[in-house]
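A.B. asks: take a look and give me a structure for this.
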Amino acid sequence: MAPHRHHHDYSPSAAAIRRARILTSHLLRHEASSLAHPSALTSNVCLSFSPPELTETISFDTKEMRRLLDAHHIAERDWVFGLIEGGELFNPVKKGGKVFVMPDRNQPFQQQREMNMRRIKYLYDKGVHKDSGPEWYMKNFAMQEVLRTYDIALGGLMAVHFFLWGVTIEDIGSKHHHEKWLRATENYEILGCLAMSELGHGSNAEAIETVTTYDSSTGEFVVNTPCESAQKYLISMAANYATHALVFSQLHINGKNEGIHAFIVQIRDANGKTCPNVRIADCGHQSGLNGLDNGQIWFDKVRIPRENLLNRYGDVTPDGQYVTIIENPKQVSLAIAIRYALSRRAFSLTPNGPETLLLDYPSHQKRLLPLLAKTYAMSFAGNWLKVLFTQKESQSHKTLNLFSIAFKVVFTWHSMTTLQECREACGAQGIKAENRIGLMVAESDSNLTHAGDNNVLMMEVSKILLSEFLAAKKHNRPIKVFGLEHMNEPSPVIPSQLSSSILRSSQFQNAAMCLRERDLLNRFAAEVSKHQARGETKEHAIDLAFQLSKELSNAFSEHVILQLTIEAEQGISAGSLKDVLALVRSLYALICIEEDDTFLRYRYLSAENAAAVREEVMKLCRELRPHALALVSSLGIPDSFLGAIAFDWIEANSWSSMSGH
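C.D. replies: Presented below is the predicted three-dimensional model:
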């Protein structure tokens, strides 16, 4: 007779039962052990947090670096930071022995909105945004940057009211508009929003469907939403609070479409009641920015005074005649992630050796430090653009438009790349709301399509460059705008072998950027011309050349940013600050070259030189590693605006720090 065999059940359910029995036995033994030894939690040696300030050296003046990065109104920035840190409305929470301020994202979205309106009133009562005068723009830019550091939605509310609503009235309105509306805007007697985008048209603003006609018998404009796709959609501040909207609409006069114009339309009375013939709906809960009340607006033949047309560039006379002067009417996550990487250890490089700081791993340096270099470079570019905006009276509309949309694209894409990389670099801690990064990922995503889809805007940049290029070629004249003057000179020559000293020279970096930009502009023009020769319209020909269009737009933006970074560096006296900034500038330039495959595809660089660039990037990361803490400290963000993970993350997650214990 055969020996008895055990028949094992290997089904999933049986396996689960066995695992449950093992875990139960383990937990019972563990519970008994804990009761017998109540101090077991503290009897063993644990990891301990060591502040990076104890070991990291600071080789340059971080205050001076901050003055370079923030550039203006630093005292005012710190004043607003202090107002937020000291205000109970800003949800102070103690964690790990420190106090942090950040909005409570567990509140229902309507409550988040109400809290932001209370915060706006608090800040106004304290004097924020009350000033006017020649420094108004720059001071308010500074205020915006601080508020957005606390909460993008809070900054967004004030940006909508002061910039999208107020500045637009200033820019395209006349003196009587300024006198009637701007003071009321500054005093919050009214709350304004900008109603441009529609359900059917966002990036393609020229095709919006809202229609405004003129009734000469009453001297009124009649604003109408003719169909569902014409509803004003995702309009910030419209859902709950705005009393007035700046409505962009097609203006029809005597049966002729005179193009898009802007009209001031009251949508709520002083008691918050929706005005007659206006319908407003709430866009509801969003993946982020729930403290910003986005809404939808419909107009049913709403009548407004003739004076409510912003008429700086086009007007309608009382008898209904159209006249125009226009010929053709048509930057937190890095500070958190890097500080965490300077205190968090993982794995050992040698058997039984101490665990290694995350930022001492070359792979971690490569994922974070180039992003920090780009952030620095884009800060210099952003400061330049702000000054350009304040001088808009002396700038052409095309110039301001070009750089605004070019920078909007690269800044917002960089922001999302940085946030996601920092989120992942912080592991599971990056997901926790209290550490802010994961929330910022969700709340910054809308910037990629806000004020136009980035892919569409890139093509708009290339169209403007192409137009200038073709005009210069047609009239046989040099190009004198947009930093394209290098197109008039002989093409740069890249050395056959790139040494470290050459790669780090601003001359080489600028030459490489110039070579790429001029070649892509020539290729884009040739591609468009080829499609036109086959019978395509110019618009469709540009669409067909979209790949080159995007490559050109990116090349143009990165080149301008490099030039502005070089200018910032040149304005600094010799010393440690200038030396570190040279490393930052080189890392910015070389990571742009490494990441853009056009350098290899179109053979601006040989395979050997591309490999040299890649190796130099890693060298620069190693050399910037000792300056990481100083570089993020120079961003000037108070500790309370960062996450607990940036400091004593062990204490912040200890039993004693847990809520209610």
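
A.B. asks: what sits against the closest residue to residue 168 other than its chain neighbours?
C.D. replies: Counting by CB to CB, 6 or more residues apart in numbering, residue 168 lies nearest to residue 246, which is 5.8 Å off, once chain neighbours are set aside. Yep, even glycine has a C-beta here, placed from its N, CA and C like the rest. Neighbour list for residue 246: 164-165, 168-169, 192-195, 262-265, 310 [criterion: CB atoms under 8 Å, 6 or more residues apart in numbering].

A.B. asks: filter those residues down to just the ones in strands.
C.D. replies: Among those, DSSP state E puts 192, 193, 194, 195, 262, 263, 264, 265 in strands.

A.B. asks: the second one pairs with what?
C.D. replies: I take that to be residue 193. Beta-bridge partners recorded for residue 193 (DSSP bridges): residue 245.

A.B. asks: report the central residue of this protein.
C.D. replies: The residue lying closest to the centre of the chain (CA atoms, centre = their mean) is residue 412, at 3.9 Å.

A.B. asks: so what's that one closest to, chain neighbours aside?
C.D. replies: Nearest to residue 412 is residue 447, by CB to CB, 6+ apart, at 4.2 Å.

A.B. asks: check residue 69 too.
C.D. replies: Excluding the flanking residues, the one nearest residue 69 by CB to CB, 6+ apart is residue 379, at 4.9 Å.

A.B. asks: how far away is the one you found from residue 385?
C.D. replies: The spacing between residue 379 and residue 385, counted by CB to CB, to the nearest Å, is 11 Å.

A.B. asks: show me where the stretch 101-250 of the chain has its helices.
C.D. replies: 109-125, 136-150, 152-159, 168-172, 175-177, 183-186 (DSSP state H, counting those that start in this stretch).

A.B. asks: report pLDDT for the nearest residue in space to residue 500 that is not next to it in sequence.
C.D. replies: Among residues not flanking residue 500 along the chain, residue 616 sits closest, at 6.1 Å (CB to CB, 6+ apart). Looking at residue 616, its pLDDT reads 98.

A.B. asks: residue 616 belongs to a helix?
C.D. replies: Yes: looking at residue 616 with DSSP: H, G, I helix; E, B strand; the rest coil, it is inside a helix.

A.B. asks: give me the number of residues near it?
C.D. replies: Per other CB atoms under 10 Å, the neighbour tally for residue 616 reads 22.

A.B. asks: retrieve the pLDDT associated with the residue nearest to the centre of the chain.
C.D. replies: Looking at residue 412, its pLDDT is 92.

A.B. asks: now do the contacts for residue 607.
C.D. replies: Counted by CB under 8 Å, 6+ apart, residue 607 has contacts residue 600.

A.B. asks: follow-up on the earlier one: by neighbours, which of the ones in strands among the contacts of residue 246 wins?
C.D. replies: residue 195 (33 neighbours).

A.B. asks: from residue 245, how far out is that one?
C.D. replies: Applying CB to CB, the value for residue 195 to residue 245 is 4 Å.

A.B. asks: so what sits against both of these two?
C.D. replies: Common neighbours of residue 195 and residue 245 are listed as 232, 235, 238, 265, 297 (criterion: CB under 8 Å, 6+ apart).

A.B. asks: export these to CSV and tack on pLDDT and distance to residue 274?
C.D. replies: What follows is the shared contacts of residue 195 and residue 245, written out as CSV (pLDDT from 0 to 100; distance: CB to CB, whole Å):
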residue, pLDDT, distance to residue 274
232, 93, 14
235, 93, 14
238, 91, 11
265, 97, 12
297, 95, 10
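
A.B. asks: any stretches of the stretch 451-600 of the chain with poor pLDDT?
C.D. replies: The stretch 451-600 of the chain contains no residues with pLDDT under 70.

A.B. asks: okay, helices next: where are they in it?
C.D. replies: In the stretch 451-600 of the chain, the helices defined using DSSP H, counting those that start in this stretch lie at 454-474, 500-503, 506-533, 538-544, 546-570, 576-595, 598-601.

A.B. asks: want to throw those helices into TSV with distance to residue 130?
C.D. replies: As requested, the helices of the stretch 451-600 of the chain are exported to TSV (distance: least, CB to CB, whole Å):
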stretch	distance to residue 130
helix 454-474	34
helix 500-503	50
helix 506-533	43
helix 538-544	46
helix 546-570	31
helix 576-595	35
helix 598-601	49
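
A.B. asks: nearest to residue 85, of these?
C.D. replies: helix 576-595 (27.9 Å; CB to CB).

A.B. asks: for the closest one, packing partners?
C.D. replies: helix 62-70, helix 362-390, helix 506-533, helix 546-570, helix 607-624, helix 628-633 (3 or more CB pairs under 8 Å, 6 or more residues apart in numbering; DSSP states H and E).

A.B. asks: tabulate these (CSV), appending distance to residue 88.
C.D. replies: Converted to CSV, the helices and strands packed on helix 576-595 look like this (distance: least, CB to CB, whole Å):
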stretch, distance to residue 88
helix 62-70, 27
helix 362-390, 32
helix 506-533, 49
helix 546-570, 39
helix 607-624, 40
helix 628-633, 28
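
A.B. asks: for residue 459, which of those is the nearest?
C.D. replies: Per CB to CB, nearest to residue 459 of the helices and strands packed on helix 576-595: helix 546-570, 4.8 Å.

A.B. asks: how about the closest one: buried residues?
C.D. replies: 546, 548-566, 568-569 (16 or more other CB atoms under 10 Å).

A.B. asks: which helices and strands does that helix pack with?
C.D. replies: helix 362-390, helix 397-425, helix 454-474, helix 506-533, helix 576-595.

A.B. asks: got the angle for it vs helix 506-533?
C.D. replies: Relative orientation of helix 546-570 versus helix 506-533 (axes from the mean of the first three to the mean of the last three CA atoms, to 10 degrees): 160 degrees.

A.B. asks: next, the angle helix 62-70 makes with helix 546-570.
C.D. replies: 140 degrees.

A.B. asks: chain center to helix 546-570: distance?
C.D. replies: Relative to its parent chain, helix 546-570 has a centroid offset of 17 Å by CA atoms, centre = their mean, to the nearest Å.

A.B. asks: likewise for stretch 382-389?
C.D. replies: Offset of stretch 382-389 from its chain centre (CA atoms, centre = their mean): 15 Å.

A.B. asks: residue 651 versus residue 94, what's the distance?
C.D. replies: Residue 94 is 11 Å from residue 651, by CB to CB.

A.B. asks: residue 71 now?
C.D. replies: Taking CB to CB, one finds residue 71 at 36 Å from residue 651.

A.B. asks: neighbours of the closest residue to residue 415 other than its chain neighbours, how many?
C.D. replies: For residue 415, ignoring the flanking residues on the chain, the nearest one in space by CB to CB, 6+ apart is residue 444 at 5.4 Å. When neighbours are defined as other CB under 10 Å, residue 444 has 21 of them.

A.B. asks: ditto for the one 5 residues further on
C.D. replies: The criterion is other CB under 10 Å. On that basis, residue 449 has 17 neighbouring residues.

A.B. asks: could you do residue 213 as well?
C.D. replies: 18.

A.B. asks: give the bridge partners for it, please.
C.D. replies: residue 222, residue 252.

A.B. asks: going forward, the N-terminal residue is numbered 800.
C.D. replies: All set: I'll call the first residue 800, so the last point we hit is now residue 1012.

A.B. asks: I'd say it and residue 1020 touch.
C.D. replies: Yes: assessed by CB atoms under 8 Å, residue 1012 is found in contact with residue 1020 at 7.1 Å.
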